[in-house]
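K.L.:
model this:
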Amino acid sequence: MGKPAAIILLYLAIIATSLALYYSDSLGIRDIPLEDLKAKYEKSHSKYIQINETDIHYCDQGQGPVIIALHGTADSLHTWDGWVKAIGDHYRIVRMDIPGFGLTGPPADGHYSRDMFVDFVDKFAAALGINTFIIAGNSLGGAIAWNYAVRHPEKVEKMVLIDPAGYPMEIPWPLKLAGMPVVRNIASLITPRFIYAISLKQVFGDPEKVTPELIDRHFELGLRPGNRKAMTGIMNLLEEHQSDPAFSEGIARISVPTLLLWGEKDTWIPPSHVELWKRDVPDVQVIIYNGVGHIPQVEIPEKSAEDVHKWLSASDRKAVKALSGDSDFAIKVIAGILVLALFLFFVWNKKTTA
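P.N.:
Numbers count the residues shown, from 1 in each chain. Here you go, the predicted structure:
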């Protein structure tokens, strides 16, 4: 074979390899068109509403007290599927793809901050005509939830936090890797499926529960146009807050009834944080799940949903009992005043007729 022919073959081999890599489904080189993702991942209750010039993908299901549920990093509203199935008959569960994730994608202005996320939740609730509600959040969604409750306690009836971000911690290595200056540029072009597989197996207490379908969903929604760049911005925000002790100061100002759920095998946000929550929010109710990881709402959806329902129901009963007790006391006071008035009238009448 002559030199020109060898060069041509080498050139063709490079082109073939490049095309194979480009069209590979597992390397995450190409964005997936939004319409393709909608066709696969929209749910029967999927709706869209524009907040801050961004089309927000959300679902609004069920009847009863309203729960607004916020997912964590690199997740989507699908994380609450198990809760909707388990307690959807008791609550109106409103969940959305937070800006930067899922079918929602990045905010129109590309800006990420604590104030942006809190403002988003407030405008979203107002747009749906929801004035007061129960707020629930996992991981990043937990951080958004408790910051919202601190900012708007008059709108939050109760709060459920699931392995929430809040105190200084080491950023999990898959997320930290994605935020490194050199890697972030590569990650905006190549996000292999195996990275999502590794990450998901880290956040489950039992890695055997991580299904191919679950990996595919996280991987493919991560390839929504704009989501990879959004991940970089959100990672920068998380890095900034998780290294700043001042970020946690607001936790001590939480005034709404709070339930804290935590997976005992959480390797992303350590269970040791529970003691910090108990220190700063003395009335917080805590449930720790043995053998469970960072996302109990996915790993043990029925059990975690049942515990939330029990807590919310018990809280309501206590409120009713307290109200009933106050009413009984008021009735007794009024009855006493009436008896005293009758007695005084009888005495006065007796004197005037004597």
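K.L.:
didn't Tyr148 look like it was pressed against Val121?
P.N.:
Yes. When contacts are counted by CB atoms under 8 Å, Tyr148 is listed as touching Val121 (5.1 Å). Quick note: C-beta positions are derived from backbone N, CA and C, even for glycine.
K.L.:
intersection of neighbour lists for the two?
P.N.:
Ile135 (CB atoms under 8 Å, 6 or more residues apart in numbering).
K.L.:
flag the shaky bits of the stretch 101-250 of the chain, pLDDT-wise.
P.N.:
The stretch 101-250 of the chain contains residues with pLDDT under 70 at 171, 173-189.
K.L.:
at 50 what do you get?
P.N.:
For the stretch 101-250 of the chain, no stretch has pLDDT under 50.
K.L.:
what sits against Ile68?
P.N.:
Val94, Arg95, Val121, Phe124, Ala125, Ile130, Phe133, Ile134, Ile135, Ala136.
K.L.:
hmm, the first one is touching Ile130, no?
P.N.:
Right, the one you point to is Val94. Yes. Using CB under 8 Å, Val94 is in contact with Ile130, at 7.1 Å.
K.L.:
so those two - more neighbours on which side?
P.N.:
Ranked by neighbour count (other CB atoms under 10 Å), Val94 and Ile130 place Val94 first, with 21 against 15.
K.L.:
how is the chain partitioned into domains?
P.N.:
1-30, 31-321 (automatic domain parsing).
K.L.:
and the longest one, how far out from the chain's middle?
P.N.:
Relative to its chain's centre, domain 31-321 lies at 2 Å (CA atoms, centre = their mean, to the nearest Å).
K.L.:
give the rounded mean pLDDT of stretch 253-261.
P.N.:
Stretch 253-261 shows a mean pLDDT of 98.
K.L.:
setting aside sequence neighbours, what's the nearest residue to Phe101?
P.N.:
In this structure, Phe101 finds its nearest non-sequential neighbour in Ser76, 5.9 Å apart by CB to CB, 6 or more residues apart in numbering.
K.L.:
returning to what we had before: overlap in contacts, Val94 and Ile130.
P.N.:
Common neighbours of Val94 and Ile130 (criterion: CB under 8 Å, 6+ apart): Val66, Ile68.
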